[in-house]
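A.B. asks: sharing a model prediction with you, sequence too.
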Amino acid sequence: MTIDKTAIRDAATVIVLRDRMTNPTILMGQRGAKAVFMPNKFVFPGGAVDAEDGSVSLASPLPALCSDRLGERSEPGLQNALAAAAIRELWEETGLILGDPGTWTDATPEDWQDFATMGYRPSANALQFVFRAVTPPGRPRRFDARFFLVDASAVQGDLDDFSRASDELSHLQWVPLDRARELDLPFITEVVLAEIAARVTNPEPPATVPLYLHTEEQSLFLQLKGYPMPEAD
């Protein structure tokens, strides 16, 4: 069963977790007051999947478990685009690079030109798919957002250098995980924070992924947990 995508855009969000075993912090920024979607709210870096993201060649793929979970209740073959979108949005909104050193051998999409110029190819092996949420009906924009957790140790360069970030998010900062709820947050961000807090000491991708699904008729809290393996003959 796939989700009805009428007027709903696929999106990817990145939760960068720093010093997870000692003093965990997460990277957040504030949306502008004039933003159509969630104005003034503190959020994780992220945004909609672009048409070109699906054709981007990744230096390394998503973990197999995460790829499997992303495929559930989803359009076939969307995993690469979602991973690429997560990496691109992190780069655009924070200036941080999730990638491996290397040159692009194929044509570089326009939105990826600056990333490629830095001498890196996008790498998805450190991304962990941890949450999915569909924006409720009645909002000015609706997204089917996949939330990815990544350890800050996988990010290239200076974690405190946001000089290459766009102006889409302001007040970029590392927020102590146990104090993040003091910020002005969207409701769904608070829900995701609870999931991250429960997973902070576990470095492995989750076997099951929560799905917060809103339809015109109801709101459901489901679990993406894989399909039963066929029994051996």
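C.D. replies: Sure, I can see it.

A.B. asks: dump the C-alpha coordinates for stretch 46-64 into CSV.
C.D. replies: The C-alpha trace of stretch 46-64 is given here as CSV (Å, rounded to 0.1, in the frame of the first residue of the first chain):
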residue,chain,number,x,y,z
GLY,A,46,15.6,19.5,5.3
GLY,A,47,13.3,20.1,2.4
ALA,A,48,11.6,18.7,-0.6
VAL,A,49,13.1,16.2,-3.0
ASP,A,50,14.2,17.8,-6.3
ALA,A,51,13.6,16.2,-9.6
GLU,A,52,17.3,15.8,-10.2
ASP,A,53,18.0,14.1,-6.8
GLY,A,54,17.0,10.7,-8.1
SER,A,55,19.8,10.8,-10.8
VAL,A,56,22.6,11.7,-8.5
SER,A,57,25.2,9.0,-8.2
LEU,A,58,26.0,8.3,-4.5
ALA,A,59,29.6,7.4,-3.5
SER,A,60,28.1,4.9,-1.1
PRO,A,61,24.5,3.7,-0.7
LEU,A,62,22.1,3.7,2.2
PRO,A,63,22.4,0.9,4.7
ALA,A,64,20.3,-2.1,3.4
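
A.B. asks: how about it: buried residues?
C.D. replies: 46, 47, 48, 49, 50, 52, 53, 56, 58, 62, 63 (16 or more other CB atoms under 10 Å). Yep, even glycine has a C-beta here, placed from its N, CA and C like the rest.

A.B. asks: I'd guessed the last one sits against residue 148; true?
C.D. replies: No - counting by CB atoms under 8 Å, residue 63 does not reach residue 148; the two are 10.7 Å apart.

A.B. asks: report how many residues lie close to the nearest residue to residue 97 once chain neighbours are set aside.
C.D. replies: Nearest non-adjacent residue to residue 97, counting by CB to CB, 6 or more residues apart in numbering: residue 156, 4.2 Å away. Counted with other CB atoms under 10 Å, residues neighbouring residue 156 total 15.

A.B. asks: what sits against the nearest residue to residue 213 once chain neighbours are set aside?
C.D. replies: Sequence neighbours aside, residue 220 is the residue nearest to residue 213 in space, at 4.6 Å (criterion: CB to CB, 6+ apart). In this structure, residue 220 makes contact with 211, 212, 213, 214, judged by CB atoms under 8 Å, 6 or more residues apart in numbering.

A.B. asks: now, which of those sits nearest residue 9?
C.D. replies: Nearest to residue 9 among the contacts of residue 220: residue 214, at 14.4 Å, using CB to CB.

A.B. asks: what mean pLDDT does the biggest helix by length in the chain have?
C.D. replies: Looking across the chain with DSSP state H, the single longest helix is helix 79-94. For helix 79-94, the mean pLDDT works out to 97.

A.B. asks: okay, now the unreliable bits of the chain?
C.D. replies: 1-6, 33-38, 226-233 (pLDDT under 70).

A.B. asks: quick one on the thing from earlier: got the buried residues of stretch 46-64 as CSV, with distance to residue 140 and secondary structure columns?
C.D. replies: Converted to CSV, those look like this (distance: CB to CB, whole Å; DSSP: H, G, I helix; E, B strand; the rest coil):
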residue, distance to residue 140, secondary structure
46, 17, strand
47, 15, strand
48, 14, strand
49, 19, coil
50, 20, coil
52, 25, coil
53, 23, helix
56, 28, coil
58, 32, coil
62, 31, coil
63, 34, coil
